[in-house]
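[1] What would the 3D arrangement of this be:
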Amino acid sequence: MILPGAEPFFMPGGPHGVLLIHGFTGLPAELLLMGEYLHEQGFTVLGVRLAGHGTTAEDMSHMTWEDWMDSVRDGMAILSGACERISVIGHSMGALFAMLAASEYPVEKVVTLAAPIFIAKERGIDFLPPRTVSAGLFVPKARRRLKDVPPAANHTYRKMPLISVHELVDVIEATKGCIETIQAPCLIMQSRNDHTADPKSAVYIYNHLPGSQKEIFWLEHSGHLLPLADERDKVFARAAAFLQDDAGDKEEQE
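    Predicted structure coming up:
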């Protein structure tokens, strides 16, 4: 059963569709405010729910990263029937899937929000037990209750299946293997104060993307949750401007 408010959302609009992809243990509501903003700018917006998310942590533990990618592919199929062109925006692990989608489909543009090519050391990734002993094991996942956000955005899982962390690591490796094939212009959004996705992730993505249509947009005061943090209006406006810029995107490395 899907948790109340954890359902996918669809906002019909113009011929340019935007697929929004949430992060690890998250749910579509984390990107609802961004979706509403983009819809007001004339985009058609679809926020997908990755398999095993928005239900129970036990449900998630039975999913592979390919199951999550299939949810993204389903979203691409839905938008392709409603729009002339599609861009993808992902947050955290969802940003990895946005890049994977761009390696499989002729997307218009890509926006990554806090993509974790490197997981910050303080998250304890170095202490992850081997996959062979991780099945059935869960660890607490603390997050402060957020204010002025959709209520469902506070319904993320409070524990993580360790086997799913291994799937996340596999997504990271798959993304590293595809970045150099991405042809779409890419906006990389990253906070310097992110303690989940190491900020050097943004530089890695920038350096491995081919061509010149790429940009890093740094934020100074946000943490990891860019679509919900205090600077989210800045995030929404920059993403919308990037998607609306048909003249190409400037190359910028800060």
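
[2] where does the stretch 151-254 of the chain dip in pLDDT?
    246-254 (pLDDT under 70).

[3] the helices in it, which residues?
    For the stretch 151-254 of the chain, the helices defined by DSSP state H, counting those that start in this stretch cover 162-178, 200-208, 232-244.

[4] Of these, which is nearest residue 11?
    Shortest distance between residue 11 and the helices of the stretch 151-254 of the chain, using CB to CB, is found for helix 232-244: 13.8 Å. C-beta coordinates here come from the backbone N, C-alpha and C atoms, glycine included.

[5] Include distance to residue 94 and mean neighbour count when you put the helices of the stretch 151-254 of the chain into TSV, please.
    What follows is the helices of the stretch 151-254 of the chain, written out as TSV (distance: least, CB to CB, whole Å; neighbours: other CB atoms under 10 Å):
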stretch	distance to residue 94	mean neighbour count
helix 162-178	10	18
helix 200-208	14	18
helix 232-244	13	18
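
[6] how close does residue 208 sit to residue 214?
    Using CB to CB, to the nearest Å, residue 208 is found at 10 Å from residue 214.

[7] show me the contacts for residue 167.
    Going by CB atoms under 8 Å, 6 or more residues apart in numbering, residue 167 touches 63, 64, 65, 68.

[8] Highest neighbour count among the residues you listed?
    residue 68 (26 neighbours; other CB atoms under 10 Å).

[9] so it sits in a helix?
    Yes - counting by DSSP: H, G, I helix; E, B strand; the rest coil, residue 68 is located in a helix.

[10] I'd like to know which of the contacts of residue 167 are part of helices.
    Counted as lying in helices by DSSP state H, out of these, are 65, 68.
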